[in-house]
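Give me a model of this one.
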Amino acid sequence: MGVTADAPYLDSAYKLVAYAGRPVMKLSRGKATWPGAKQVHRGPACDQLALRDEPPPRGHEPLLTAVMRAGRRLGPPEPLAQARQRCAASLAGLPPAARALRNPAPVPVTISLALAAMRRRLARDLRGRPGCRGSAACH
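Numbers count the residues shown, from 1 in each chain. Have a look, this model is predicted:
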């Protein structure tokens, strides 16, 4: 990881997506999240955000691979040459417009039907709770 001298920090936010084995989400305006553990499937024209255990659509490949569980590595570190090859293959899999150095176009992202259904169901259940009106208290 590298940072610049004028911004020597990494800005990130942690969003809880499951708790005690059940999916959770935020409903707050501008902070709403997608529930559950997820996978990203890369295809020729778009990426798809899906639930972790969903099979990829035809022509798509899963991008996320577990490397740690319960604070422990699942295998040995990836050799640098292998990481280089994986990175080059990943870049080559992007549409040319997304690889542009100036004004790259974002890769379009679709949402799987199962993930969208889970979000609708969970949002409906959360909004039905007393005191929940889309606020942060609803997650």
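
In contact with residue 92: list those residues for me.
Going by Cβ atoms under 8 Å, 6 or more residues apart in numbering, residue 92 touches no other residue. Using the backbone N, CA and C atoms, a C-beta is placed for each residue, glycine as well.

how far away is it from residue 121?
Distance of residue 92 to residue 121, given as Cβ to Cβ, to the nearest Å: 38 Å.

which residues touch residue 67?
By Cβ under 8 Å, 6+ apart, residue 67 lies in contact with 73-75.

pLDDT score for it?
Looking at residue 67, its pLDDT stands at 92.

Can I get the helix or strand hosting residue 119 in PDB? Just the C-alpha atoms.
Counting by DSSP states H and E, the element that carries residue 119 is helix 113-127. Taking Å, rounded to 0.1, in the frame of the first residue of the first chain, the C-alpha atoms of helix 113-127 are listed here in PDB:
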ATOM      1  CA  LEU A 113     -31.900 -11.100  -8.400                       C
ATOM      2  CA  ALA A 114     -31.200 -13.000  -5.200                       C
ATOM      3  CA  LEU A 115     -29.300 -10.100  -3.600                       C
ATOM      4  CA  ALA A 116     -32.000  -7.500  -4.600                       C
ATOM      5  CA  ALA A 117     -34.700  -9.800  -3.200                       C
ATOM      6  CA  MET A 118     -32.800 -10.200   0.100                       C
ATOM      7  CA  ARG A 119     -32.400  -6.400   0.400                       C
ATOM      8  CA  ARG A 120     -36.100  -5.700  -0.300                       C
ATOM      9  CA  ARG A 121     -37.200  -8.400   2.200                       C
ATOM     10  CA  LEU A 122     -34.800  -7.200   4.900                       C
ATOM     11  CA  ALA A 123     -35.700  -3.500   4.400                       C
ATOM     12  CA  ARG A 124     -39.400  -4.300   4.600                       C
ATOM     13  CA  ASP A 125     -38.800  -6.300   7.800                       C
ATOM     14  CA  LEU A 126     -36.700  -3.500   9.300                       C
ATOM     15  CA  ARG A 127     -39.100  -0.700   8.400                       C
END
